[in-house]
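[1] 3D model of this:
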Amino acid sequence: MTSSLPLSSPNCWIVSDGRRGIENQALGLAEAVQGLLSEKHIELNIERVVARKDGFVTLPDGGTPDLWIGCGRAAIVLARKHRQIFPDSFFTYVQDPRTRHKDFDLILAPAHDRLIGDNVIEMIGSPNRVTESQLTDARKAFSQHIESLPGPRAAILIGGNSKRYQLDDTISVYLIERLKQLLDQDVSLMITVSRRTPEAFVERLRSVLGDHERVWLYDGEGENPYFAFLASVDWVFVTEESTNMLVEASSTGKPVYALPLHGKPGKFALLHAALEGYGSVRPYLGNLDKWTYPALNETRRVAETLISRWKPSCLNPDTLPVIDGVSS
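    Numbers count the residues shown, from 1 in each chain. All right, here's what the predicted structure looks like:
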């Protein structure tokens, strides 16, 4: 479905179950579309739609969606109903909607899912919200705390247990030792954990490193400094199961080291290989190196593709922005 661009500001609904990791993929894509349209002096109005487990759905107060972007199982279920209610909307899905491919005008699928179809665009990983302006604003917001930590600095992004990986006692000991080795090299640590991080490991972090003068441990309390961490470090370390965080770290252009967990990557080995091939991610073997690569900008690339399918009239071939990363 394509149409000429309306004179009024288009509305975009981002649809998910409200979980941050799921919603941020749809939101990151919407914000990238918003940024591209703003270059054409078009304002995209972004609204959240949350589908709860009990079936209750919160809808925006006014207007209907011109662009519908969903992520997660709750969005798949809701898409078919909304297509009937909003037949003129452009329906986009992030990830693989399983058997419901025909319910969407465009599907933005991770390349490691190996999904094929006329309405499918592959990308390295998933959309995210990492932009230069986002990082700059976050660094300013946390500047006082950042400046209290002497450089060089490393961000440590800790995930946790998943279907394929486990952060068990052996890995816990290994990770703590790696972090202590970084401190021995006079590297300040900015550590953040996730909802999947075992509480036992969080407690171990607090007891071993929480009071260290060169450690900033964010354990979920207070304002989230995640983007500030990405903005203000020399290296980023990410546990290997955290596919979203690996891609987000690679969007900074800074050296990214993968930290191992117990388990088998399965199809995610394809993502790891893609990021290593792109030049952003390396395994950490105990030595700190510095290298450069173009910041991965898949979100902006697929946002441009989305606009070309949805509202091609607003893209002037003579003034298209330069896109870093894999070309479409």
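
[2] contacts and neighbour counts: CA atoms only from here.
    Noted.

[3] give me the contact list for whichever strand or helix holds I156.
    If you go by DSSP states H and E, I156 is part of strand 153-157. Contact partners of strand 153-157, identified using C-alpha atoms under 8 Å, 6 or more residues apart in numbering, comprise 187-193, 229-230, 232-239, 245.

[4] chain center to it: distance?
    Counting by C-alpha atoms, centre = their mean, to the nearest Å, strand 153-157 is centred 17 Å from the centre of its parent chain.

[5] pairing partners for it, with directions?
    strand 188-192 (parallel), strand 235-239 (parallel) (DSSP bridges).

[6] switch those over to a markdown table; also include mean neighbour count.
    A markdown table is the format used below for these (neighbours: other C-alpha atoms under 10 Å):
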| stretch | mean neighbour count |
| --- | --- |
| strand 188-192 | 24 |
| strand 235-239 | 23 |
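
[7] TSV for these, including mean pLDDT?
    Shown next, in TSV, are the strands paired with strand 153-157 (pLDDT from 0 to 100):
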stretch	mean pLDDT
strand 188-192	98
strand 235-239	98
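
[8] and A51, which of those strands is closest to it?
    Among the strands paired with strand 153-157, the nearest to A51 by C-alpha to C-alpha is strand 188-192 (27.9 Å).

[9] after that closest one comes which helix or strand?
    helix 199-209.

[10] run through who's touching whichever helix or strand comes after that following helix.
    Per DSSP H and E, helix 199-209 leads on to strand 215-218 as the next helix or strand towards the C-terminus. With contact meaning C-alpha under 8 Å, 6+ apart, strand 215-218 is reached by L149, S188, L189, M190, I191, T192, V193, R206, L209, G210, N224, P225.

[11] same thing but at 10 Å, please
    For strand 215-218, the external contacting residues (C-alpha atoms under 10 Å, 6 or more residues apart in numbering) are 145-146, 148-149, 153-156, 179, 183, 187-194, 202, 205-206, 209-211, 224-226, 229.

[12] among those, which ones are buried?
    By neighbour count, with 16 or more other C-alpha atoms under 10 Å, those hold 146, 149, 153-156, 179, 183, 187-193, 202, 205, 209-210, 225-226, 229 as buried.

[13] can you list the weak-confidence ranges in the chain?
    By pLDDT under 70, the low-scoring segments of the chain are 1-8, 315-328.

[14] where is the longest helix in it?
    helix 20-38 (DSSP state H).

[15] list the buried residues of that one.
    Buried residues in helix 20-38 (16+ other C-alpha under 10 Å): 22-37.

[16] helices or strands next to that helix in the packing?
    strand 11-16, strand 45-51, strand 67-71, strand 90-94, helix 243-250, helix 298-310 (3 or more C-alpha pairs under 10 Å, 6 or more residues apart in numbering; DSSP states H and E).

[17] can I get those in JSON lines with distance to A141 and mean neighbour count?
    As requested, the helices and strands packed on helix 20-38 are arranged in JSON lines below (distance: least, C-alpha to C-alpha, whole Å; neighbours: other C-alpha atoms under 10 Å):
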{"stretch": "strand 11-16", "distance to A141": "26", "mean neighbour count": "25"}
{"stretch": "strand 45-51", "distance to A141": "24", "mean neighbour count": "19"}
{"stretch": "strand 67-71", "distance to A141": "29", "mean neighbour count": "27"}
{"stretch": "strand 90-94", "distance to A141": "30", "mean neighbour count": "24"}
{"stretch": "helix 243-250", "distance to A141": "19", "mean neighbour count": "23"}
{"stretch": "helix 298-310", "distance to A141": "24", "mean neighbour count": "22"}
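
[18] just put those in JSON lines and tack on distance to P265.
    Shown next, in JSON lines, are these (distance: least, C-alpha to C-alpha, whole Å):
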{"stretch": "strand 11-16", "distance to P265": "26"}
{"stretch": "strand 45-51", "distance to P265": "30"}
{"stretch": "strand 67-71", "distance to P265": "22"}
{"stretch": "strand 90-94", "distance to P265": "21"}
{"stretch": "helix 243-250", "distance to P265": "11"}
{"stretch": "helix 298-310", "distance to P265": "22"}
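
[19] of these, which is nearest G263?
    Nearest of the helices and strands packed on helix 20-38 (C-alpha to C-alpha): helix 243-250, 14.3 Å.

[20] whatever helix or strand comes next after that closest one - contacts with which helices or strands?
    Using DSSP H and E, the helix or strand that follows helix 243-250 in sequence is strand 256-259. Applying 3+ C-alpha pairs under 10 Å, 6+ apart, one finds that strand 256-259 contacts strand 153-157, helix 169-184, strand 235-239, helix 243-250, helix 268-278, strand 281-283.

[21] the helices and strands packed on helix 20-38: which one's closest to D103?
    Between the helices and strands packed on helix 20-38, strand 90-94 lies closest to D103; by C-alpha to C-alpha that is 7.7 Å.

[22] ok, C314 to S89 distance?
    17 Å (C-alpha to C-alpha, to the nearest Å).

[23] and what of I22?
    21 Å.

[24] repeat that for E248.
    E248 is 29 Å from S89, by C-alpha to C-alpha.

[25] again, but for L288
    L288 is 49 Å from S89, by C-alpha to C-alpha.
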